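**Student:** take this sequence and fold it.
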Amino acid sequence: MPLPRLGWLFVSLAVALGLCAGAFSYGYIWFEAVASCVAVLILAAFALSSVLILGLKRLAHRGDRNAMTKLGRMYADGTGVLRSHDKAMLWWRKAAELGQTTAQLFLGAAYDEGNGVPKDQIEAVRWYRMAAEEGDAAAQIVLGTMYHLGQGVPKDTAEAVGWYRRAAVQGDTGAQVVLGTLYSRGEDIPKDEAEAIRWYSAAFNPSNLSSTFVKQHASSLKWFLWAAENGDDNVLLNVGNIYNSTGGGVPLDHAKALRWYRMAADKGNDTAMGRIGHMYQTGEGVARDCAEALRWYHMAAESGNAGAIFNIAMMYNRGEGLSLDRDELYFWYLLSAMAPLPKEQAEHARKACEVLSTKIASDRLKEIQERARSWMQAHPKFHFSSSS
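**Tutor:** Got it, this is the predicted structure:
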């Protein structure tokens, strides 16, 4: 039982039973003990914070630009030190002049918002540009916005798009959504559906689709899902993954996922072929059909999908829709051992080959090995892509 609650228990007993001298004083002792513990913890935390700040100051005075940036942030927020915009600006300026991009971004924001310094968007742009030119994605999208709105610089949409693009290429989802929106609406730039689909597809990757993100960009996502049929095979695959994902803000819908995977597969996307195979193998959104799963895995394998090769081997190993055929099992495990698979799967295939090689006649073994080498020579471009 937590100490404060135990103290209250004794006080309550004292009040209820009239035992003021005994139980009440015992409860008070508990309160004193808890108060002493809390005081000790507060003092210890304060001492530790003081040591950390002192160490940070020493590093900053020695010229460590990252320490300068952190110290500036502490002064700006009043974390462990008295808040001081002057000291924050001092340390950020020192770090920024040494090329620390986060400090440059902080300085730009301070001038942009007039936070601790007179508002000066021209000066803000100067610092944003320094960080952006060093590759800071956050600075690039902010600089793009300044050009887009004409703040601190003359309005220049082409320049804005250039900076948005540099941030988007680095994976900044905000920049990707902005580009998708600009191209889909044709505002200030020529309308370009293909470019809009491309950037929206990059932004609306299932790994990014939290409920908050989906709500924030609901209209953009709706447009993307409506227009995506005109995208390339990777866009179609991505939409299938969106509907096949359980972690985002889009409801799980296997039927829709299968539809989009089929469209991607029709355009030659081997990852989509593998995903369809997996859905038939597991009965995910369709009636379980091992023969159909195997057909799709074979198509994916022929297109260079190493994961599909391993899945075929595993279906033979488990006898899923297939009669036991040791020669075919060895052949597909041998291909798996030659293919670029993740370490765990590659090791499984290698060990399976070792065991199976002791159970097949030597002349037959050589025939299968030669068949596998010929197969790999006829399919030189292989890559790994998970089917699940």
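**Student:** so which bits of stretch 166-182 are buried?
**Tutor:** The neighbour-count check on stretch 166-182 (16 or more other Cβ atoms under 10 Å) flags 166-168, 172-182 as buried. Where you see a C-beta, it was placed from the backbone N, CA and C, and this is true even at glycine.
**Student:** redo the residues you listed as a markdown table? Include pLDDT.
**Tutor:** Shown next, in a markdown table, are the buried residues of stretch 166-182 (pLDDT from 0 to 100):
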| residue | pLDDT |
| --- | --- |
| Arg166 | 97 |
| Ala167 | 97 |
| Ala168 | 97 |
| Asp172 | 95 |
| Thr173 | 94 |
| Gly174 | 94 |
| Ala175 | 96 |
| Gln176 | 96 |
| Val177 | 96 |
| Val178 | 96 |
| Leu179 | 96 |
| Gly180 | 96 |
| Thr181 | 95 |
| Leu182 | 96 |
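**Student:** quick check, nearest of those residues to Trp226?
**Tutor:** For the buried residues of stretch 166-182, the minimum distance to Trp226 (Cβ to Cβ) is 12.7 Å, reached by Gly180.
**Student:** OK, contacts around the closest one?
**Tutor:** Residues in contact with Gly180 (Cβ atoms under 8 Å, 6 or more residues apart in numbering) are Ala196, Ile197, Arg198, Trp199, Tyr200, Ala203, Ser220, Phe224.
**Student:** now, the most widely separated pair of the buried residues of stretch 166-182?
**Tutor:** It's Arg166 and Thr181 that sit farthest apart of the buried residues of stretch 166-182, by Cβ to Cβ, at 17.2 Å.
**Student:** any low-confidence regions in the chain?
**Tutor:** Across the chain, residues meeting the criterion (pLDDT under 70) sit at 1-51, 247-249, 384-388.
**Student:** so how far is Leu341 from His383?
**Tutor:** Relative to Leu341, His383 is positioned 10 Å away (Cβ to Cβ, to the nearest Å).
**Student:** between those two, what contacts are shared?
**Tutor:** Ala306.
**Student:** of the two, who's got more company?
**Tutor:** Taking neighbours as other Cβ atoms under 10 Å, His383 and Leu341 compare with Leu341 leading, 20 against 13.
**Student:** for that one, give me its contacts.
**Tutor:** The contact partners of Leu341, by Cβ under 8 Å, 6+ apart, come to Ala306, Gly307, Phe310, Ala349, Phe384.
**Student:** thank you kindly, that will do.
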